[in-house]
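Engineer: whatever this is, show me its structure:
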Amino acid sequence: MEYICFSCGKTVTSEDIAKRVRCPYCGGKILFKKRPETVKRVKAR
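Structural biologist: Residues are numbered from 1 along each chain as shown. Okay, the predicted model is just below:
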């Protein structure tokens with residue numbers, strides 16, 4: 001699973017945070033799950 005660091009914006013994998021929940025790049029403690037992009041469909045009239 002991939003996470004994004006709130007502080008630096010880099011992608012962090014679950015293997016990187018296996019021992020402690022911190023960003024390996026900046027040391028930030030707030031990480032959120034990366035969500036897939038959604039495509040909005042608009043009906044043509």
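Engineer: may I see the buried residues of stretch 30-45?
Structural biologist: residue 31 (16 or more other CB atoms under 10 Å). The C-beta positions use only the backbone N, C-alpha and C, and glycine is treated the same way.
Engineer: any idea how far apart the tips of that stretch sit?
Structural biologist: By CA to CA, to the nearest Å, the extent of stretch 30-45 from end to end equals 44 Å.
Engineer: from the middle of its chain, how far away would that stretch be?
Structural biologist: With CA atoms, centre = their mean, to the nearest Å as the basis, stretch 30-45 stands 14 Å off its chain's centre.
Engineer: name the surrounding residues that touch it.
Structural biologist: For stretch 30-45, contacts defined as CB atoms under 8 Å, 6 or more residues apart in numbering pick out 1, 2, 3, 4, 5, 6, 7, 11, 12, 17, 21, 23.
Engineer: tell me the mean pLDDT over that stretch?
Structural biologist: Mean pLDDT, computed over stretch 30-45, is 83.
Engineer: got a ChimeraX select line for the buried ones in the contacts of stretch 30-45?
Structural biologist: Selection of the buried residues among the contacts of stretch 30-45 in ChimeraX, burial being defined by 16+ other CB under 10 Å:
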select :3,4,5,12,17,23
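Engineer: what bridges to residue 3?
Structural biologist: With DSSP bridges applied, residue 3 shows beta-bridge pairing to residue 12, residue 33.
Engineer: distance of it relative to residue 39?
Structural biologist: 23 Å (CB to CB, to the nearest Å).
Engineer: neighbours of the closest residue to residue 10 other than its chain neighbours, how many?
Structural biologist: Spatial nearest neighbour of residue 10, chain neighbours left out: residue 25 (5.0 Å); criterion: CB to CB, 6 or more residues apart in numbering. By the criterion of other CB atoms under 10 Å, residue 25 has 14 neighbours.
Engineer: need the contact list for residue 25.
Structural biologist: Taking CB under 8 Å, 6+ apart as the contact definition, residue 25 lies against 5, 8, 10, 12.
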